[in-house]
Each structure stands twice: as C-alpha cells, then as structure tokens.
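1. Sequence and predicted structure below; questions after.
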Amino acid sequence: ALGDRHTTNDARSRRLVVVSNRLGNVRDLAQAGGLTAGILDALAERGGLWLGASEEHHGSAASDEPLIHLERVGKIETAALTLPQQEYSLYYNGYANSTLWPLFHYRLDLVQHRSEFLHAYRQINARFAQALARLLSGNDDLIWVHDYHLIPLAAALRRLGLGNRIGFFLHIPFPPPDLFVATPDHGELIADLLQYDVLGFQTATDVTNFRRSARATGSTTFDAGGVAQSSGRTVLSRSFPIGIDVDAFARMANEAAEDVQIDSMRRQILGLKQIIGVDRLDYSKGLPGRMQAFARLLEKHPEHERAVTYLQIASPTREEVAAYAEIRAQLEATAGSVNGKYADLTWTPIRYIHRTVPRSRLAGLLRASQVGLVTPLRDGMNLVAKEYIAAQDPADPGVLVLSRFAGAAEELAQSLIVNPYAVDEVADAIAKALAMPLEERIARHGALIERIRRNDAAQWRKSFLEALANRI
Ligand code: GDG
C-alpha cells in the first residue's frame, strides 16, 4: 500500500467529486439515509467535494454564471448550485420524475413526454457541467455521478473538454429494450450513458437490460467482459449492489429500546404481532396491493383478527407530481376501507402514518415487528429490506416478505419471496411468516445477515471506486 501512494493514479490519492441532484445532510450523519450515508462515508474517508442542487432556487433563468455556495465540514466540501426555479421544476418534477422514473420502473402507462421537460433536463445538466468545470482541480479528479437526474452530465462535461474518469451509478432499475425504446429519446439516452467510463447498476438484470438496449438502439457491441468501445474510450458496465452499514443500523435498532414512544407502543400492542412496511409513498412500492393482501389475510385466516396489527409508514415524496397525489388518494381509500371493515372498539388493523419518522425510531420500529413487508412492483434495490434484516434481534428474529421485483431479491433468497401482483400469494406468505417456528426464523435470518454483510455499503463504494480509478 505504501508503494501505491507514490503512483499518481492511486485511487485514494485522487480527489473524489460526487455529483447528485440533492446534497445529503453533511452535518447530521445519524439522520442520513442509506444512499446519503454511503456517499458521505466515502467522502469522509478520503476527503472530497459533493456538488448538488441547492434547496433554494432563483426566479430567473437569465444568468449564465453558475451560482455556487461552498461549505466545508471536516474533510468534506459541499457545493450547492442555485438553479432557476421553473427550469428546475420541469427537470425534476417533469423529465426526471414524470418521464424517466415511470419508464425505468416499467410503467409506460404513467410516462409523460413533453418537449419542455427534455429541454429543461438538458439545460440543468449543462448548468451542472459548467459548475463542475469550475470546481475541478484537474483531470485527475475522479467524478462519481448519481442517478437518473444526471444521465447527460458526462456528455455535457466532455463537450467542455473534460477528460476525467467519470462514473455513473443508477440507483433505479434499467428497463428491458422493448419498454426502453418506447421513449422517443432512447437513442440520446444511450449515447449519453456511453460518455461515462464506468456504468454501475444494482443487479445483473439491469446490466443485461442496459446492454440489450444499447445493442438495439446504438448498435453498441460489448466484448466478453462486457466492455463497450465508444468514441475511442472503453465503457465498463457492471452491477454494484448497494448495501447498508449493518452494524451501525443494528446498533441504532437496539438502542431505540430506550425511545419512550417505542416503549409505550410496545405496551399498547402487547400480545399482538406487528407487521411493518416503510416506504416513500411511491406508486412503485406496491402499497395499495400490500394493504389488500393484508385484508385478504384477515379474510382467509380469521384467527389473525385482533392478533396482528399492520403499521405502514409512507413518507411524503414528490407531492407536486400528479401520479403521486393519485397513489396517495388510492392508498388512503384502501386503508380506510380495510379499517372500516375489520376494526372494532379496541383494535385498529392498519395504522397508516403519512409523515417522515426519525431514522433511529424507524430502526426501533423495524426491530419491534415480527414481519417486514417489502412488496414493490419494481425497485432498484430496496434498502428497507436490508434494514429490516439488520434491525432484528438475532435470537428472536422477524421474517422478511420480499417482492421478487425488488433488486434485493437477487441477493435475499432466504426471505419469503412473493409476486406482489398475486394478492393471495402475499396473504399466504404473511400467514406463513406469522406462524414460522423460531428455529427456521433463526436459520433464515442468519443466512440473510451474512449476505447483507458481504454486500454492505463499504463494499459497494470500494468496488465502484476501484472500477472508476481503473484498478480492476
Ligand atoms: C432509491 C431506489 C435503492 C423511508 N421512510 C423514511 C425513511 N426512509 C428511508 C429508508 C431507506 C430509504 O429511506 C429508502 O430507500 P429505498 O432503497 O427503500 O428506496 P428509494 O427511496 O426508492 O431509493 C432504491 C435506493 O435508491 C438506493 O440505491 O435501493 O431501489 O428506488 O433508508 O429507511 N427514513 C426516515 N424517515 C422516514 O419516514 N428517516
């Protein structure tokens, strides 16, 4: 390692520059969610810069000079970029979350195509590129770009003449070619992706879907190692399954026993088994179907009436996008009708919370629940699945019911894997989880915890950064 330090392209001696739509909260590491924590740890370890959009926007699109607010916290420098309000909204609520998000989650029925969305998306990416060009200290900086908001960033940087190594990690799924080509912009999106040096995906399925789409739309060819040639550069595409910091989350879950609210909840539900779900209120998470499956459980297995309680935390998200208002109304109608049908004077089957819960309390709630329900219709990875496993008491662990359409299902085979579209199947899996003997729960949990330790957050960033620094 000592010898390494003297070579110029040593991964650790090169400055890391992270770019994502939003900046994580650098000041409050404890509150940082999965993704943010993973990135912050990488920056804290080696020092570096994080560029993201500022929470404050300004009214006019006139100024071409990027407005950047720099701050330093320890070894991490953050750069908050102020962007024009309306352009930002067309980019964020528009192209990112009304075009790409539904498309990449296989929901062609929800995709909206509007030329002003695409235009704003490209403009904002060009602004990010201009800002970044000013902040770079040279072409040795390693640039790590996150997620679907910033697909055109490398192309915009290349246009400004930058030759740095640039990596991209897609946190969400990549759709199969038959769906992908339904967007008129498919050719441009593939060309943009091929301007990166490293393309990271969550699962093998996503890598395959990307390569098939690139072959179909860009006549790109891949060698046996999956490497493509593009404009005289090589492009590596690979899966890097994201993970969590298992020990930190387990500790938080354990310490939450001292949280008075959790303590008083435990007393109120004493004697009941608790089923839990924790999700952003997104249509990709399969929430109405999950509530219907819970209702089906009560219908098919009446012995569970007044013996189980289902807690669903559905944190607010993207509320300016119409599809999100619709899923919320649908979910609230479902929760209301199930409770209306089954509740009695002393028992509420579904407790539905549409608020953001502090992270440490969340960990405690996961630990206090005998069944974890993670049933997305499509999900890049799903960190809640991994958090549920980490939060359990290894001597008396709960059971994870997991959708086969979550990226996490590729790794977490010892959970109860279900098809979220099959309401009866999910209901039966919940019944099986509730009845599972201790021995089987311990065996399954042991295998799962080993798996999430192997692919944890540290491994994720280490392997991506090694690929980015061209060391593998
Ligand atoms: C995207 C991809 C991929 C949720 N509610 C609250 C809260 N959370 C936390 C969870 C978890 C995180 O947010 C959600 O992560 P997920 O992975 O489950 O899902 P997305 O937000 O859709 O994330 C996904 C991920 O990126 C990482 O690559 O796995 O597939 O869609 O950590 O615990 N946290 C707090 N309060 C809440 O109410 N504090």
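-> Looks like it came in fine.

2. How about Val399: what's its closest non-neighbour residue?
-> Here the nearest residue to Val399 in space, its sequence neighbours aside, is Ala433; by Cβ to Cβ, 6 or more residues apart in numbering that works out to 3.7 Å. Every residue, glycine included, has its C-beta placed from N, CA and C.

3. secondary structure class for the one you found?
-> Classification of Ala433 into helix, strand or coil gives helix, according to DSSP: H, G, I helix; E, B strand; the rest coil.

4. For it, grab the count of nearby residues.
-> Applying other Cβ atoms under 10 Å, we find 22 residues neighbouring Ala433.

5. Would you check that it makes contact with Leu416?
-> Yes: the criterion here is Cβ atoms under 8 Å, and Ala433 meets it with Leu416 at 5.8 Å.

6. Over to His113: give its phi and psi.
-> Recorded main-chain torsions at His113 are phi -110, psi 120, according to degrees, to the nearest 10.

7. got a list of what whichever residue of the stretch 51-200 of the chain sits closest to the ligand touches?
-> Of all residues in the stretch 51-200 of the chain, His171 sits closest to the ligand, at 3.6 Å by Cβ to the nearest ligand atom. Taking Cβ atoms under 8 Å, 6 or more residues apart in numbering as the criterion, His171 is in contact with 35, 146-148, 202, 242, 380-381.

8. Which helix or strand in this protein has the lowest average pLDDT?
-> Among the helical and strand segments of the chain, the one scoring lowest on mean pLDDT, DSSP states H and E is helix 34-46, with a mean of 77.

9. List the contacts of it.
-> The contact list for helix 34-46, computed with Cβ under 8 Å, 6+ apart, reads 12, 16, 18, 20, 24-26, 29, 32, 48-50, 74-76, 146, 171, 242-245, 383, 386-387, 457-458, 460-461, 465.

10. After it, which helix or strand is next?
-> Moving toward the C-terminus from helix 34-46, the next helix or strand (DSSP states H and E) is strand 48-58.

11. Given that following strand, what are its sheet partners and their directions?
-> Based on DSSP bridges, the pairing partners of strand 48-58 within the sheet are strand 16-22 (parallel), strand 76-84 (parallel).

12. Tell me the spacing between the residue nearest to the spatial centre of the chain and Ile124.
-> Among the residues of the chain, His171 comes closest to the average C-alpha position under Cα atoms, centre = their mean, at 5.3 Å. For His171, the distance to Ile124 (Cβ to Cβ, to the nearest Å) stands at 18 Å.

13. Also Ser264?
-> To Ile124, Ser264 is 46 Å away according to Cβ to Cβ.

14. Which one of the two is surrounded by more residues?
-> When Ser264 and Ile124 are compared on other Cβ under 10 Å, the one with more neighbours turns out to be Ile124, at 27 against 9.

15. Can you verify my assumption that that one contacts Glu87?
-> Yes: counting by Cβ under 8 Å, Ile124 touches Glu87, with 6.2 Å between them.

16. What is the neighbour count of the nearest residue to Arg441 once chain neighbours are set aside?
-> Closest residue to Arg441 apart from its sequence neighbours, by Cβ to Cβ, 6+ apart: Pro397 at 5.2 Å. A count of neighbours around Pro397, defined by other Cβ under 10 Å, yields 23.

17. helix, strand or coil for Pro397?
-> Classification of Pro397 by three-state DSSP places it in coil.

18. And it, what's its pLDDT?
-> The predicted local distance difference test score for Pro397 is 98.

19. Please give me every residue in contact with it.
-> The contact partners of Pro397, by Cβ under 8 Å, 6+ apart, come to 441-442, 444-445.

20. Now tell me what touches stretch 305-317 from outside.
-> Judged by Cβ under 8 Å, 6+ apart, the contacts made with stretch 305-317 from elsewhere in the structure are 269, 272-282, 287, 290-291, 294, 297-298, 324, 331, 335, 342, 344, 346-357, 362, 365, 369, 373, 434.

21. let me redo that: stretch 199-208
-> Outside of stretch 199-208, the residues that reach it under the criterion Cβ under 8 Å, 6+ apart are 167-174, 193, 210, 226, 235-242, 380-381, 407, 410, 464, 467.

22. how about a cut-off of 7 Å?
-> 167-170, 173-174, 193, 210, 235-242, 380-381, 407, 410, 464 (Cβ atoms under 7 Å, 6 or more residues apart in numbering).

23. So which residues on the protein come close to the ligand?
-> If contact is defined as Cβ under 6 Å from any ligand atom, the residues of the chain in contact with the ligand are 33-35, 171-172, 242, 278, 280, 313, 315, 356-359, 362, 379-384, 387.

24. If we use 5 Å, what do you get?
-> For the chain, the residues found near the ligand under the criterion Cβ under 5 Å from any ligand atom are 33-35, 171, 242, 280, 315, 356-357, 359, 379-384.

25. Can you turn the buried part of those residues into a PyMOL selection?
-> Restricted to the buried members of these, where burial is judged by 16 or more other Cβ atoms under 10 Å, the PyMOL selection command reads as follows:
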select buried, resi 34+35+171+242+280+359+379+380+381+382+383+384
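
26. can you tell me which of the residues of the chain next to the ligand are in strands?
-> Secondary structure from DSSP state E places 280, 315 of the residues of the chain next to the ligand in strands.

27. so which one among the residues of the chain next to the ligand has the lowest pLDDT?
-> Across the residues of the chain next to the ligand, the bottom pLDDT score, 57, is held by Gly34.

28. so how many other residues sit close to the residue lying closest to Leu438 once chain neighbours are set aside?
-> The shortest distance from Leu438 to any non-neighbouring residue, by Cβ to Cβ, 6+ apart, is to Asp396 (6.8 Å). Neighbouring residues of Asp396 were enumerated by other Cβ under 10 Å; the total is 11.

29. tell me the phi and psi of Asp396?
-> Here the main-chain torsion angles of Asp396 (degrees, to the nearest 10) amount to phi -150, psi 60.

30. Which residues does stretch 255-275 contact?
-> Contact partners of stretch 255-275, identified using Cβ under 7 Å, 6+ apart, comprise 294, 307-311, 360-361, 363-365, 367-371, 373, 430, 434.

31. Drop anything exposed from those.
-> Applying 16+ other Cβ under 10 Å to those flags 294, 308-311, 360-361, 363-365, 367-371, 373, 430, 434 as buried.

32. What pLDDT does the model give the residue nearest to Gly364 when sequence neighbours are not counted?
-> Counting by Cβ to Cβ, 6+ apart, the nearest residue to Gly364 once its immediate chain neighbours are dropped is Ala256, at 2.5 Å. The predicted structure scores Ala256 at 90 on the pLDDT scale.

33. And for the one 5 residues further on?
-> Here, the pLDDT recorded for Gln261 equals 91.

34. Offset the numbering so it begins at 443, please.
-> Got it, first residue is 443 now, which makes that one Gln703.
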